[in-house]
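# Have a look; sequence and predicted model below, questions after that.
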Amino acid sequence: MPTRLAGVAILVALWFFAGALPAHGQAGDATAGKAVYERKCLECHGEKGDGKGPAAELLAPRPRDFTAGLYKIRTTANKVPTDQDLFRIITDGMPGTSMPSWAVLPERDRWNLVAYIKSFAADKFKEAPKQLELPKEVASSAESIKRGKEMFEAIECHKCHGTEGRADGPSRSELKDEWGHPIPPANLTKRWTFRGGSSRTEIATRLANGVLGTPMPAFLDSVEKPEDIWHLTNFILSLGPESPHYATLISVTATTAAIPDDPNAELWKNLTSSNVPLMGQVIVDPRNFNPAIDLVAVRAMYNDKEIAFHLTWDDPTQSADEAAKKLVADGISLQFPPQIAAGTERPYFLMGDASDAVYLLRWENAKGVTEATANGPTKIVPIQGGEATAKAVYANGQYRLVIKRPLVSKDASRPTFVPAVFMPVAFQAWDGGAGEGGTKMSLTSWYYLRLEEPQSNRRFVIPPVVAILTLAVMLLVVRVANRRA
Amino acid sequence: MRKVIGAFLAIALVAGVAVVAHGPGPAGAQGGGTIEASVTYAGAPVVEKLKVNKDTEKCGTEAVIEKVVVGANKGLANAVVSVPGAKGAAKAVKATVDQHGCKFVPHVTAMTPGELDLKNSDDILHNIHTYSTANPSINKAQPKFKKVMTEKFEKPEIIKLTCDVHSWMLGWVAVMPNPFFGVTDANGVTKIDNVPAGKYTVEAWHETLGKQTKDVEVKAGQATKVAFEMKK
């Protein structure tokens, strides 16, 4: 009898849990989903689900128009995504877009949203989703990556994605989505921005069945052999790191050698970079809601005479000042307080203000570097007798730039760099080809820079001395102990 | 003797069938008539030009986008003339579109529901990107080694063909419910043969100038003329 009771209890418990936990892909309740939609989704996707919510104008890419029933990210061979596909995007969001993760919502709410979103294009969902079958997986190897590169060239991925994958291909400016909005190709070296995720299977799926509503076509039937999908995936994974590993501190390496001007010099390549994320400037009009430059990789060195900054950033379009085309030059700037003040007080990060100025090392394409004092983003005054020099190279959608300056400053308008002191630094960048210039920039808040202390020869002397002393003490202890015994 | 007569009859029959099958010419076969359509446009041709920044050895340095092509006597090319109400079997010949010189050739292809061969004779990457509602739209890459791709269009509709790699490339595939259609030539003229006798509404469609209809009566063995004057 007790066993029977326990059995019933287990059954009841199972039934209870089965009811509480939604099964995979289980149909949600569209009416309940509508209530959640109106609270959480309407601002961007619009009341009618047409992607024309009040915030839509400011977003790039634009919010999805659910009435078209066309979804970028799907694991199916036909146009219809699975419920799980929609659920995953709601849950994880879309990197590189304004679509956040909604994992904060209860799972039930997210399934209900799936049901409601589908109701905007009910006729499109009459067709059953057909699961895509990927070719047999090929593990990554040097050989596979080589084959992937060959295929990358043969199927001309570079036409949009660029030779090195930095979204700088010649077709870039012509690309439009199904709604006629310009759409940039993915930067294959930054896979953390891939809309549909950066795992091997996700990348292979995008290659195989394309990205619906965008120019990205399906390649499953358009590679030489089916497994080429995996070779391509392995090659794409080899183009960049898994994540940007954003830095918190920029370390300036001490050297006794002459610092090379050439951004491609070996000495620079041997330094690891500190990757700094940039955001759009949205404080002062005109604002930049969709910044083009999202990362700058910083390397820095100093010797007894000068300090040099090596900056690397992706920009798919090289542009100089061109009034006829209303183009402003590409540019980047480093910002420092004019003097290192004691305490934590720093000038206003957005290029200073009326009371506290900042010092800028500004570089503009085709113009070169200037030293300037700024009291705000529109009040930039070049410093007379600038001593900075710069050399830049541009190749395959990327700038590499070296800016040099004497370590010690001549006047109070520019800082002197001192070893072992935490020095505030900030960055601003402009992509002229994307229509940026002036206050339309991407920027950082204050970061810290620290010049390593010069390495002295003491490091070769002190550790051996400590080691010998320790050994001596140990021997002494052993001897004393032996004597006592 | 009977055998000889039998053989004679057989030969005569075969010959007779052969004569009927070859027919007395397109007009009038199986009691059908011909529609001779002309489409004119009084306005100026619309041609957009674009500087080409890639594949210039295949595409040339300047892309010419011919939106409205007007020939002699105001004849409008690339208009599809069709007889939607007529009944007839699908065409047996598979339609073909070539991507040649970074253009869809022909610019407008008309076909009955079925398969379409998409050729790539350019030796560079193109992608077939279709815009359609009745048929599933396609976006498939066609790299240089993929010389022919075959796609199915089962439902009648007019489908836009584009290539995202070369944004100026534009073509149209008109999937028609029956084989009674024609695409106007450089002089704005086309001929539809073997239309079963009867009263029909003839339709003319142009990619930028829209659609027009005209009522005609097709008589067996006769040519019926129909003239469309497209307006903006």
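Yep, it's here. Residues are numbered from 1 along each chain as shown, chains lettered A, B, ... in the order given.
# for stretch B:146-165, how far is the first residue from the last?
16 Å (CA to CA, to the nearest Å).
# mind listing what whichever residue of the stretch 351-485 of chain A sits closest to chain B touches?
With CB to the nearest CB, the shortest gap between the stretch 351-485 of chain A and chain B falls at residue A:433, namely 13.7 Å. All C-beta atoms are positioned from the backbone trio N, CA, C, and that covers glycine. Taking CB atoms under 8 Å, 6 or more residues apart in numbering or on different chains, we find residue A:433 in contact with A:292, A:315, A:316, A:317, A:318, A:319, A:327, A:330.
# what's near enough to touch the nearest residue to residue A:303 once chain neighbours are set aside?
Spatial nearest neighbour of residue A:303, excluding adjacent residues (CB to CB, 6 or more residues apart in numbering or on different chains): residue A:255 at 5.2 Å. Counting by CB under 8 Å, 6+ apart, residue A:255 touches A:267, A:301, A:302, A:303.
# partner strands of the helix or strand hosting the second one, parallel or antiparallel?
I take that to be residue A:301. Using DSSP states H and E, residue A:301 maps to strand A:295-302. Applying DSSP bridges, strand A:295-302 is found paired with strand A:249-254 (parallel), strand A:274-277 (antiparallel), strand A:306-314 (antiparallel).
# avg pLDDT for that strand?
The average pLDDT within strand A:295-302 is 98.
# For the contacts of residue A:433, which single residue is the most surrounded?
Within those, most neighbours by other CB atoms under 10 Å in any protein chain shown means residue A:330, with 29 neighbours.
# about what we covered before: how far away is the residue nearest to residue A:303 from residue A:298?
According to CB to CB, to the nearest Å, residue A:255 and residue A:298 sit 16 Å apart.
# okay, now the domains of chain A?
A:2-126, A:142-237, A:249-451, A:459-485 (automatic domain parsing).
# Show me how far the longest one is from its chain's centre.
Its chain's C-alpha centre lies 19 Å from the corresponding centre of domain A:249-451 when counted by CA atoms, centre = their mean, to the nearest Å.
# Just the element for residue A:372, please.
strand A:368-374.
# ok, which stretches of the chain are helices?
All of this refers to chain A. For chain A, the helices defined by DSSP state H cover A:2-20, A:30-40, A:42-45, A:83-92, A:107-118, A:142-154, A:158-161, A:200-209, A:228-237, A:266-269, A:458-484.
# nope, chain B
With DSSP H as the criterion, chain B has helices spanning B:2-22, B:56-59.
# mind showing which ranges of the stretch 51-200 of chain A have poor pLDDT?
For the stretch 51-200 of chain A, no stretch is flagged by pLDDT under 70.
# What parts of it come near chain B?
Residues of the stretch 51-200 of chain A lying close to chain B (CB under 8 Å from any CB of the partner chain) are A:78-79, A:154-156, A:159-160, A:170-171, A:174-176, A:178.
# give me that answer again for 6 Å
For the stretch 51-200 of chain A, the residues found near chain B under the criterion CB under 6 Å from any CB of the partner chain are A:155, A:156, A:159, A:170, A:171, A:174.
# Top of these by number of neighbours, please.
Counting by other CB under 10 Å, top hit in these: residue A:155 with 24 neighbours.
# Contacts only, for that one.
residue B:143 (CB atoms under 6 Å, 6 or more residues apart in numbering or on different chains).
# still on that earlier bit, can you tell me which of the contacts of residue A:433 is closest to chain B?
Using CB to the nearest CB, the contacts of residue A:433 come closest to chain B at residue A:317, 12.0 Å.
# re the thing from before, of the helices of chain B, which shows the lowest average pLDDT?
helix B:2-22 - the lowest mean pLDDT of these, at a mean of 48.
# which residues sit in contact with residue B:115?
B:94, B:150, B:152.
# just these now: which is nearest residue B:228?
residue B:94 (28.6 Å; CB to CB).
# what about the closest one, neighbour count?
Residue B:94 has 11 nearby residues by other CB under 10 Å.
# dump the residue contacts of it.
For residue B:94, the contact set (CB under 6 Å, 6+ apart) comprises B:115, B:117.
# Quick check, central residue of chain B?
Taking CA atoms, centre = their mean, the centroid of chain B lies closest to residue B:110, which sits 2.8 Å from it.
# ok, now how distant is that residue from residue B:78?
If you go by CB to CB, the gap between residue B:110 and residue B:78 works out to 10 Å.
# Please render the contacts of residue B:115 as CSV that adds pLDDT to the earlier fields.
Below are the contacts of residue B:115 laid out as CSV (pLDDT from 0 to 100):
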residue, pLDDT
B:94, 91
B:150, 96
B:152, 95
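# Between those residues, which sits nearest chain A?
residue B:150 (10.3 Å).
# partner residues bridging that closest one?
Applying DSSP bridges, one finds that residue B:150 bridges with residue B:117.
# Could you do the one 10 residues further on as well?
Using DSSP bridges, the bridge partners assigned to residue B:160 are residue B:131, residue B:172.
# quick one: it from residue B:131, how far?
4 Å.
# and if you look at residue A:398?
Relative to residue B:131, and taking CB to CB, residue A:398 is found at 35 Å.
# still on that earlier bit, residue A:113: which of the contacts of residue B:115 is nearest?
residue B:152 (34.8 Å).
# if I pick that closest one, what's in contact with it?
Contacts of residue B:152 by CB under 6 Å, 6+ apart are residue B:115.
# Number of residues surrounding the nearest residue to residue A:190 once chain neighbours are set aside?
Leaving aside its sequence neighbours, residue A:190 sits nearest to residue A:240 (CB to CB, 6+ apart; 5.9 Å). Look at residue A:240: counted by other CB under 10 Å, it has 18 neighbours.
# same deal with residue A:94?
19.
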